[in-house]
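Enquirer: kindly return the folded structure for what I paste below:
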Amino acid sequence: MISDQKTTHQPTFSKYEIFIIAILAILQFSVILDFMVLSPLGYILLPILNIQPSQFGFVVSAYAFSAGASGLLAAGFADKFDRKKMLLFFYLGFILGTVFCALAPTYNFLLAARIVTGLFGGVIGSISFAIITDIFKMQVRGRVMGFVQTAFGASQVLGLPIGIVLAQKFGWHSPFWMISGISIVIWVAIYRYLKPVNDHLKIKSDRNAFEHLFKTISKPAYLRAFIATTLLATGGFMMMPFGSVFSTQNLKIAKENLPILFGITGLFSIIFGPIIGKFSDKIGKFKMFIIGSAITVSMVAIYTNLGPTPLALVILLNVILFVGISSRMISSMALLTSVPKPEDRGAFMSINSAVQQISGGIASSLAGIIVVQSKTGELQYYPQLGLVVIGFILITLILMFNLNKHLSKNAEVSPSINPTAEGS
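Expert: Numbers count the residues shown, from 1 in each chain. So this is what the prediction gives:
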């Protein structure tokens, strides 16, 4: 395993490595956008489908639960196949699920479509991170994660505003058609240009899929990482489903200004993503995680207690909040990639992704129980939700400290297992 190393120089990437970073970032953009686009459409879907916030929270969490289930089912097989083939298979299923969302006429059909999309989409992130871990050394993974995680910001600055505008003008189905079209282009690019990622297959293993899954789950070091991921996701997902409703109903932001709010916030996330990744490699992943956690706790405490607020101030607070969230996401993922051994990377990433998705689903459902909508439209008990989020953040900080301490004790420099990583 590789510890959270600091580096004094920034090596350059080869052209093929730049392609890998770019295509995985765009891939993550489509998957994250598919998950996130439902949240800002909440104010449209609640009256159209005649549903309550708890039902909407369940639609959001249904994707996460099915994604978690598929991640666990796929974990035992994740290290048995070429990662490129795995990526193409699950991404194709994700595209079909998104098309079903675009065709959904009712709440129940949409719920079923979200489950299908999650079954395939939930594995894509783990395969992508396994590819990154195979190809890039730990010393540059902060930078790589910083670029790949700009997909989160890009989905806001490009996808969410466009999705909201499309939904307002052409109906709530239209954003899913947009995502389907983008995803087909990405699938073709991966099929044509991504080289096989199969060096992990050279490491012989006599385990069958179920043995591989059990062995991966039962390792103490891996368990610590999974627990940290559980609380990391739980705190992160709780506020997300009701962001647009809270902005319009409690903060009194005009609906037509939502694209501006999400767009500017996303733009700054894109700008800060690579900077955070670079600093994560320079000062250490865990130190960056501490900084991100401190920012997030402060902003959650302020944001969840706001009443009617000017748009400019809401934008400023959102930007700072998402800088904190991005710092935690990038640094924690870069740190967690050092936990598994090469022969366990696919299984570890699949289980970790499953844990993240299931935890996110539980968080969304729990948030739907805590938060209620008044007769006048405002969300109630949002400050209490913020306190729960802060509690999870603080507990996660302790778990990540112990994980980082364990990695430091067991640090050893090991080369990338993929020959395409030359120059990284």
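Enquirer: use CA for all of it now, contacts and neighbours both
Expert: Will do.
Enquirer: what's the helix or strand where Leu24 lies packed up against?
Expert: Leu24 is part of helix 15-36, with elements assigned from DSSP states H and E. The contact analysis (3 or more CA pairs under 8 Å, 6 or more residues apart in numbering; DSSP states H and E) places helix 15-36 against helix 107-135, helix 138-148, helix 150-154, helix 174-193.
Enquirer: go with 6 Å
Expert: helix 150-154 (3 or more CA pairs under 6 Å, 6 or more residues apart in numbering; DSSP states H and E).
Enquirer: show me how far whichever helix or strand comes after the helix it packs on is from its chain's centre.
Expert: Using DSSP H and E, the helix or strand that follows helix 150-154 in sequence is helix 160-170. Its chain's C-alpha centre and that of helix 160-170 lie 22 Å apart, by CA atoms, centre = their mean, to the nearest Å.
Enquirer: send the alpha carbons of helix 160-170 over as CSV?
Expert: Presented in CSV, the C-alpha positions along helix 160-170 are these (Å, rounded to 0.1, in the frame of the first residue of the first chain):
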residue,chain,number,x,y,z
LEU,A,160,-27.8,21.7,-14.5
PRO,A,161,-28.6,25.2,-15.9
ILE,A,162,-29.2,23.7,-19.3
GLY,A,163,-31.2,20.9,-17.8
ILE,A,164,-33.4,23.4,-15.8
VAL,A,165,-33.9,25.6,-18.9
LEU,A,166,-34.9,22.5,-21.0
ALA,A,167,-37.2,21.3,-18.2
GLN,A,168,-38.9,24.7,-18.0
LYS,A,169,-39.4,25.0,-21.8
PHE,A,170,-39.8,21.5,-23.0
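Enquirer: report the buried residues of that helix.
Expert: Using 16 or more other CA atoms under 10 Å as the test for burial, helix 160-170 gives Leu160, Pro161, Ile162, Gly163, Ile164, Val165, Leu166, Ala167.
Enquirer: the helix holding Leu24: how far from the chain's middle?
Expert: 12 Å.
Enquirer: what's the following helix or strand after it?
Expert: Following helix 15-36 toward the C-terminus (DSSP H and E): helix 42-48.
Enquirer: so how far is the helix or strand just after that following helix from its chain's centroid?
Expert: Sequence order places helix 53-75 as the next helix or strand after helix 42-48, per DSSP H and E. Its chain's average C-alpha position is 13 Å from that of helix 53-75, according to CA atoms, centre = their mean.
Enquirer: could you pull up phi and psi at Val372?
Expert: Dihedral pair for Val372: phi -130, psi 150, per degrees, to the nearest 10.
Enquirer: contacting residues for it?
Expert: Applying CA atoms under 6 Å, 6 or more residues apart in numbering to Val372 gives the contacts Leu379, Gln380.
Enquirer: quickly list what it is bridged to.
Expert: Val372 has these beta-bridge partners by DSSP bridges: Gln380.
Enquirer: start the count at 52 instead of 1 going forward.
Expert: Taking 52 as the first residue, the last one we looked at is Val423.
Enquirer: okay, now Gln460: neighbour count?
Expert: Actually, residue 460 is Lys rather than Gln. 10 (other CA atoms under 10 Å).
Enquirer: nope, Ala305 is what I was after
Expert: Count around Ala305 with other CA under 10 Å applied: 11.
Enquirer: send the alpha carbons of the helix holding Leu75 over as CSV?
Expert: Extracted in CSV, the C-alpha atoms of helix 66-87 (Å, rounded to 0.1, in the frame of the first residue of the first chain):
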residue,chain,number,x,y,z
LYS,A,66,-1.0,12.3,-24.4
TYR,A,67,-2.7,9.0,-23.7
GLU,A,68,-2.9,9.7,-20.0
ILE,A,69,-4.4,13.1,-20.7
PHE,A,70,-7.0,11.3,-22.9
ILE,A,71,-7.8,8.9,-20.0
ILE,A,72,-8.2,11.8,-17.6
ALA,A,73,-10.4,13.7,-20.0
ILE,A,74,-12.6,10.8,-21.0
LEU,A,75,-13.1,9.6,-17.4
ALA,A,76,-14.0,13.2,-16.4
ILE,A,77,-16.6,13.5,-19.2
LEU,A,78,-17.9,10.0,-18.3
GLN,A,79,-18.3,11.1,-14.6
PHE,A,80,-19.9,14.3,-15.8
SER,A,81,-22.7,12.3,-17.5
VAL,A,82,-23.2,9.9,-14.6
ILE,A,83,-23.2,12.7,-11.9
LEU,A,84,-25.4,14.9,-14.0
ASP,A,85,-27.9,12.0,-14.3
PHE,A,86,-28.0,11.7,-10.5
MET,A,87,-28.0,15.4,-9.8
